[in-house]
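Visitor: just a sequence and a predicted model for now, questions to come.
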Amino acid sequence: MVKENPSLQNIEAENGGATKAVRGPGRRLHGAIAHKLGMAILSGHYAPGDVLSGEVAFAEELEVSRSAYREAIQVLTAKGLVESRPKAGTRVLPRNRWNLLDPEVLAWAFAGEPDIQFVRDLFELRAIVEPAAARLAAVRRDKDDLKIMKDALSAMRRHTLATEAGRAADRDFHNAILHATRNDALLVLTASIGAAVNWTTQYKQRARALPRNPIPDHVRVYDAIAAGDPAAAAEAMGVLVDLALEDTASAMQR
């Protein structure tokens, strides 16, 4: 099935106005086009198997160059969202081909109304990875790791998680734990875990303030890691992730 490219207005309406300016030179332009098409795919405007209308139609609609559209499609292809074949056009791939842990793909998913099952999937991943990472960090961390975690906690308190600065500190805290594992395979997940933490925290505050202060949960994780207690660190991180899921699910039901 061939579906026409959604207008900018339609994409903005379906995703709460969360778009970037399309106009701009070079990388900014094709990045903005990829952003809008990515949101359209993640929001379900395009279903797997749908064929996007051609580059000529899209370029004419947005009054952009065909090369900018092609570069945007290359971005989506690299993330596993679409594939392009001569004469067959650009088709949306099955969801199991999407690189859902790509930080940009996560951003597109949360720019609209994310699927609750996808949110649960993310938290299941975090519940598997982060308690184990905290356990390793409690054994392998050094003074520098603890300083980064402590500084991140201080910034979270100072700025609160309602601000970008506070959420950046939250990412720094979780990143520091993964780094403290000294496990290169886990470090590959740093950007993905950080993006999941950021977007879920930001999402659950869109309509209201956080239902509770999650910083004490982070402090308990830090205290256990600082004390070199792997079992307590894993347990504290498990509780942190479980409570974060509850908060996010509550926000999605409103």
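Guide: That came in fine, so what should we check first?
Visitor: hey, where'd the helices end up in the chain?
Guide: Secondary structure of the chain (DSSP state H): helices at 8-14, 26-42, 55-62, 66-78, 103-111, 116-140, 143-159, 164-180, 184-187, 190-203, 215-226, 230-252.
Visitor: residue 216 - how many residues pack around it?
Guide: As a burial measure, residue 216 scores 9 neighbours (other C-beta atoms under 10 Å). C-beta: built from backbone N, CA, C; applies to glycine.
Visitor: kindly report the same for residue 69.
Guide: Each residue near residue 69 was counted by other C-beta under 10 Å, and the total is 26.
Visitor: from here on, call the first residue 20.
Guide: All set: I'll call the first residue 20, so the last point we hit is now residue 88.
Visitor: residues contacting the residue nearest to it when sequence neighbours are not counted?
Guide: In space, and not counting its chain neighbours, residue 88 is closest to residue 74: 4.5 Å by C-beta to C-beta, 6 or more residues apart in numbering. Contact partners of residue 74, counting by C-beta atoms under 8 Å, 6 or more residues apart in numbering, are 85, 88, 89, 92.
Visitor: narrow the residues you listed to those that are buried.
Guide: Buried members of the contacts of residue 74, scored by 16 or more other C-beta atoms under 10 Å, are 88, 89, 92.
Visitor: out of those, flag the one nearest to residue 120.
Guide: Nearest to residue 120 among the buried ones among the contacts of residue 74: residue 92, at 20.9 Å, using C-beta to C-beta.
Visitor: just checking, the closest one touches residue 103?
Guide: Yes. If you go by C-beta atoms under 8 Å, residue 92 and residue 103 touch, sitting 6.0 Å apart.
Visitor: so what sits against both of these two?
Guide: By the contact definition C-beta under 8 Å, 6+ apart, residue 92 and residue 103 are jointly contacted by residue 109.
Visitor: least confident of the helices of the chain, on average?
Guide: Looking over the helices of the chain, mean pLDDT reaches its minimum on helix 27-33, with a mean of 45.
Visitor: picking up where we left off before, of the helices of the chain, which is nearest residue 111?
Guide: helix 45-61 (5.8 Å).
Visitor: please name every helix or strand in contact with that closest one.
Guide: helix 27-33, helix 85-97, helix 122-130 (3 or more C-beta pairs under 8 Å, 6 or more residues apart in numbering; DSSP states H and E).
Visitor: with distance to residue 168 added, can I get the ones you listed in a markdown table?
Guide: Listed next are the helices and strands packed on helix 45-61 as a markdown table, based on distance: least, C-beta to C-beta, whole Å:
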| stretch | distance to residue 168 |
| --- | --- |
| helix 27-33 | 39 |
| helix 85-97 | 33 |
| helix 122-130 | 21 |
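Visitor: return the most buried member of these.
Guide: helix 122-130 (a mean of 22; mean count of other C-beta atoms under 10 Å).
Visitor: who's in contact with that one?
Guide: With C-beta under 8 Å, 6+ apart, helix 122-130 has contacts from 34-35, 37-38, 54, 57-58, 60-62, 98, 100, 117-119, 134, 137, 141, 210-211, 213-215, 218-219, 221-222.
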